[in-house]
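Asks: Need the 3D shape of this:
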Amino acid sequence: MLYKRWRKISAEHRNEIALRDFASGKRWTFGELFSEGEKCRAKAEIVFPSGHSPEFVFQLLAAWRENKIACPLEHGQSPPKFSGTPKNCIHFKITSATTGNSRLVAFTSEQLAADAENIVATMDLRADRPNLGVISLAHSYGFSNLILPLLLHGIPLILAPAPLPEIVRRAAETEKTLTLAAVPAMWLAWHEADAIPGNIRLAISASAPLPVNLEQEIFNAHGLKIHNFLGSSECGGIAYDKTNFPRTNAAPAGTPMQNVNLTLHENGCLIVRSSAVGETYWPENSESLGGGIFQTSDLAELEDGAVFLRGRLDDQINVAGRKLSPETVERALLKHPQVHECLVFGAPSRDAERTEIIVVVVVSAEPETELKHFLLQNLPAWQLPREWHFVESLSANARGKVSRADWRATFARKRA
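Replies: Model (predicted):
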């Protein structure tokens, strides 16, 4: 089904530029990309496209043409071991493991196509506004926003080898207008280097929360609205911020994607229903995924058709029987002008009465006493972090995510 669609797209746009690789300087029309893809052969029953080059596209096309399963990998990531696969499955995504161990999510061709359709329609991706590709092609975000629109909707793609400011600036020079999908850490780096290309007409941020102050600063400096995109490996796009002006607080996540229905579970978590929801986890399934329904761990509120995020159920901190979302403390702390980044999580307390303590990792030159005093003006005393750790930066993985689980584990090792 996917290769048939690709064959149709490549014929309709035969003489138009489809793919440009900034690193090599090579470019392919849709007709040339089809011919090049025909030469590639799948060497195994499961194909593992990887890297950030045209070879990723060729490997994927080989899998589609030969009805093989594809499982994209990050650079240097080891292929998972398979023992059988679900019926009708043609694609596996590896979850990002932000809060725990990564898992495989199985998809049918119809589910992948539905996600691409929802994204292209909701975001208004267009052929006259190519995608500048700097995010991981293997991650669900990059795969659904860059690869599938190219192959299933004829949206051209420019591959930049790295998100370095100078590379992004030079890679953007040859186009009149562009779409740039990135993660918050990239937007921050480009903003600080004054390297956001002036021909960006659609700016998207996903995979991690975008600080409101950064969104506002970029808008004030460039007149560029960054549209927040909420998605998940399990179900593709969930919500998108279509508004034309920057947010004033971090809670709004936009409105549901086209063809996506959102409701709330009795525990307050978001439930996603759409034809883009994955088939199942593999090899162990879960009641939270299947039958076109994905029950997330995102605590949310639905109001006037919009989604407001309130943290994650599995991240909640139990402080002497009172539940606290770490995002509550993070949002308050990020309002301080000298706090650049922060991450809050719970850790076992040595005080039996408290159950957990609140720990914060923060990037700031301000002393702990000043930051505590600042928080006391916005939060009740019981919500103040008990332990503070000052670092130069919060390391993000290749997908632009800062893993709360990783920082919690690091803290536990140092404490042991």
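Asks: For the one helix or strand Val363 maps to, what is the distance to the chain centroid?
Replies: Assigned by DSSP states H and E, Val363 falls within strand 356-364. Its chain's C-alpha centre lies 24 Å from the corresponding centre of strand 356-364 when counted by CA atoms, centre = their mean, to the nearest Å.
Asks: what does that strand rub up against?
Replies: Outside strand 356-364, the residues that touch it by CB atoms under 8 Å, 6 or more residues apart in numbering are 317-319, 324, 326, 329, 333, 336, 338-349, 351, 371, 383-394, 407-408, 411. (Glycine included, C-beta is placed from N, CA and C.)
Asks: In strands, which of those residues fall?
Replies: By the criterion of DSSP state E, membership of those in strands covers 317-319, 324, 339-348, 387-390.
Asks: could you flag which of the residues you listed are buried?
Replies: Buried subset of the ones in strands among the contacts of strand 356-364 (neighbour count, 16 or more other CB atoms under 10 Å): 317, 319, 324, 339-347, 388.
Asks: Out of these, give me the two with the largest separation.
Replies: Greatest spacing in those, by CB to CB: Val319 and His340 (25.8 Å).
Asks: Is His227 in a helix, a strand, or coil?
Replies: strand (DSSP: H, G, I helix; E, B strand; the rest coil).
Asks: isn't it right up against Met123?
Replies: Yes - judged on CB atoms under 8 Å, His227 makes contact with Met123 at a distance of 7.4 Å.
Asks: Tell me which residues touch the closest residue to Phe82 other than its chain neighbours, please.
Replies: Of all residues not flanking Phe82 in the chain, Ile46 sits nearest, at 6.1 Å (CB to CB, 6 or more residues apart in numbering). By CB under 8 Å, 6+ apart, Ile46 lies in contact with 68-71, 79, 82, 85.
Asks: now swap in Thr355 and tell me
Replies: 318-321, 348-349.
Asks: distance of the most centrally placed residue in the chain from Val319?
Replies: Geometric centre of the chain, nearest residue: Ser207, 2.6 Å, by CA atoms, centre = their mean. Distance, Ser207 to Val319, using CB to CB, to the nearest Å: 28 Å.
Asks: Next: Leu214.
Replies: 29 Å.
Asks: repeat for Ile119
Replies: Relative to Val319, and taking CB to CB, Ile119 is found at 39 Å.
Asks: Does Val57 touch Arg20 like I think?
Replies: No - shown here, Val57 and Arg20 do not form a contact pair, counting by CB under 8 Å, at 11.9 Å.
Asks: Between those two, which is the more surrounded one?
Replies: Val57 (25 against 22; other CB atoms under 10 Å).
Asks: tell me, how many neighbours does Phe30 end up with?
Replies: Phe30: 23 neighbours (other CB under 10 Å).
Asks: hang on, it packs against Gly154?
Replies: Yes - using CB under 8 Å, Phe30 is in contact with Gly154, at 6.9 Å.
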